[in-house]
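Asker: generate a structure from the sequence data that follows.
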Amino acid sequence: MYTVKEVAKLLDLTEHTVRYYTDKGLVPSLQRDKNNNRLFDQQSINWLRGAKHLKQSGMSVEAIKTYVDLCLEGESTIPQRYEILLEQRDKTLAQLEEAKQRAEFMVNKVDHYRDIMNKVVPDNMNPGNWSKNEIQDKAPLS
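Answerer: As a prediction, this is how the structure comes out:
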């Protein structure tokens, strides 16, 4: 059996997060000792690990709780769980695409600044130096 502190270290979570997840019902196999301290067995750790990964994918705690409840209901809920994960996968892939676009934007801005420093192009990145026409015509920040 593991304590909150041990599980937090094992799963690279804060102790607060471990307590929060257990308070929200994301660890149905949680046990308590005679002093009401949380105790975790391997099954509890598995629930926490699953909650951690779902949360990192962007799923809300409420949606994770729904998923956990469906898991507890058994195999008859597999189609519902599949749909939940399918929806989260699509959201995660959309977030990945947005992150790629942000990264490309930053690569282009860094390249542009390198060109400015190498005197290949003038400094058109300082809004304080833009004329009214440049703001409308060039839009260098986009």
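
Asker: mind listing what's buried in the top helix by length along the chain?
Answerer: Longest helix in the chain, counting residues (DSSP state H): helix 78-117. Neighbour-count burial for helix 78-117, counted by 16 or more other C-beta atoms under 10 Å, picks out 81, 84, 88, 112. All C-beta spots, glycine's among them, are computed from the backbone N, C-alpha and C.

Asker: which one of those is nearest to residue 124?
Answerer: Closest to residue 124 out of the buried residues of helix 78-117 is residue 112 (8.5 Å), distances taken as C-beta to C-beta.

Asker: so the closest one sits against residue 121, correct?
Answerer: Yes - applying C-beta atoms under 8 Å as the test, residue 112 and residue 121 come out as touching, 7.3 Å apart.

Asker: which stretches in this structure count as strands?
Answerer: Ranges of strands within the chain are 31-32, 38-39, based on DSSP state E.

Asker: summarise which helices and strands the last one is packed against.
Answerer: When contacts are defined as 3 or more C-beta pairs under 8 Å, 6 or more residues apart in numbering; DSSP states H and E, strand 38-39 sits against helix 15-23, strand 31-32.
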